[in-house]
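Asks: Need a 3D model of the sequence below.
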Amino acid sequence: QVQPVESGGGLVQAGGSLRLSCAASGGAFSTYIMGWFRQAPGKGREFVACISRSGGSSYSTDSVKGRFTISRFKNAVYLQIDSLKPEDTAIYYCAAAPGVGGNYDLCFYEEYEFGYWGQGTQVTVSS
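Replies: Model (predicted):
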């Protein structure tokens, strides 16, 4: 079973950038669809972005399109965050979903589809 571990969070000024990393150990990483979610203070956890097993397909929520980029390489997945806004302040979670079937470009974006979660990394954006 894969175990995601996030890193790279921190305090940054609005307009700045961060690169979040998620290292996955304990499983065949390439067989998992990977996703990023976030939970802002006082709110529920929301989908941010996902990337397929092949890495050739990705999807992000509308509020981050053009600013957030998800990628994967070897046993890690990354979230490049640019043009940060105060409303991006949240705990960011990396999650893994076992891929099924022969469609290696499939991407998930529902929380229940991801069975393995990291502990999260805090991103705080000051105005």
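Asks: Run through the strands of the chain in chain order.
Replies: For the chain, applying DSSP state E gives strands covering 3-7, 10-13, 18-25, 32-39, 45-51, 58-60, 68-73, 76-81, 90-98, 116-117, 121-126.
Asks: Tell me how many other residues crowd residue 110.
Replies: By other Cβ atoms under 10 Å, 10 other residues sit near residue 110. Bear in mind the C-beta positions are built from the backbone N, C-alpha and C, glycine included.
Asks: ok, now how distant is the nearest residue to it once chain neighbours are set aside from residue 14?
Replies: In space, and not counting its chain neighbours, residue 110 is closest to residue 47: 7.4 Å by Cβ to Cβ, 6 or more residues apart in numbering. Distance, residue 47 to residue 14, using Cβ to Cβ, to the nearest Å: 23 Å.
Asks: Tell me which of the two has more neighbours.
Replies: Between residue 47 and residue 14, counting by other Cβ under 10 Å, residue 47 is the more crowded of the two (19 against 13).
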